[in-house]
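Student: Provided below are the primary sequence and the corresponding predicted coordinates.
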Amino acid sequence: MADFFKDLIYSNDDVITFAHGIPGFEKNQKFVLVQIPDFVPFEWLVCVDGSRLRFAIINPLLFCPDYAPKIVKEQFEDLGIEKPEDILLYSIVTIADNPLQSTANLVGPVVINKTRRIGKQIIIEDERYRTREPILRKK
């Protein structure tokens with residue numbers, strides 16, 4: 001894949017702060033959301049604090065319309081969410097060469113308060129979901 005992110009242009013208003021990083025990448029706290037038309041419905045969570053870290057993400061409701069993770073109030077508190085419209089919900093994706101093997105992590109949803117520009121990956125305890133949930137299904 002060409003490096004679509006090499007000359008990424010963004011403003012400070014685009015930056016989403018993950019105060020504790022993302023599990024496994026705690027030192028990386030500044031990200032921007034990037035949409036590339038050729039890759040819809042996927043988006044990218046791109047680190048802008050000097051590393052080349054980036055995650056492919058997708059709205060889990062696009063392939064799992066009944067997705068309703070059990071998130072407790074305390075997990076939302078540091079995001080300052082006041083109304084449902086403030087929420088952007090994503091799952092981190094592992095893209096495979098064979099699209100049927102691409103998966104999304106439904107156990108660790110990424111929740112972003114789009115108004116306050118803060119985000120967090122929340123780890124849920126919900127046996128209905130897996131860390132490697134297939135995005136596509138054979139028909």
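Tutor: In hand now; what should we look at?
Student: For this protein, which segments count as helices?
Tutor: Ranges of helices in the chain, per DSSP state H, are 73-77.
Student: Which residues belonging to the lowest-mean-pLDDT helix or strand in it are considered buried?
Tutor: When each helix and strand of the chain is scored by mean pLDDT, DSSP states H and E, helix 73-77 comes last, with a mean of 81. For helix 73-77, a neighbour-count test (16 or more other Cβ atoms under 10 Å) marks residue 75 as buried. Backbone N, C-alpha and C define where each C-beta goes, glycine included.
Student: just how off-centre is that helix within its chain?
Tutor: 18 Å (Cα atoms, centre = their mean, to the nearest Å).
Student: what sits up against it?
Tutor: In this structure, residues lying in contact with helix 73-77 by Cβ atoms under 8 Å, 6 or more residues apart in numbering are 111, 120, 122.
Student: Tell me the buried residues in the lengthiest strand in the chain?
Tutor: For the chain, the strand with the greatest residue count under DSSP state E is strand 87-94. Neighbour-count burial for strand 87-94 flags 89, 90, 91, 92, 93 (criterion: 16+ other Cβ under 10 Å).
Student: what does stretch 126-139 give?
Tutor: Result for stretch 126-139 [16+ other Cβ under 10 Å]: buried residues 129, 133, 135.
Student: Was I right to think the first one contacts residue 70?
Tutor: Right, the one you point to is residue 129. No. Using Cβ atoms under 8 Å, residue 129 is not in contact with residue 70, being 9.5 Å away.
Student: ok, which stretches of the chain are strands?
Tutor: 16-17, 30-34, 43-47, 54-58, 87-94, 103-104, 110-113, 118-121, 133-134.
Student: okay, those in TSV with mean pLDDT and distance to residue 6 next?
Tutor: Formatted as TSV, the strands of the chain follow (pLDDT from 0 to 100; distance: least, Cβ to Cβ, whole Å):
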stretch	mean pLDDT	distance to residue 6
strand 16-17	97	20
strand 30-34	96	12
strand 43-47	95	11
strand 54-58	96	11
strand 87-94	96	21
strand 103-104	96	26
strand 110-113	96	24
strand 118-121	96	23
strand 133-134	94	31
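Student: List just the one of those strands that sits closest to residue 80.
Tutor: strand 110-113 (5.8 Å; Cβ to Cβ).
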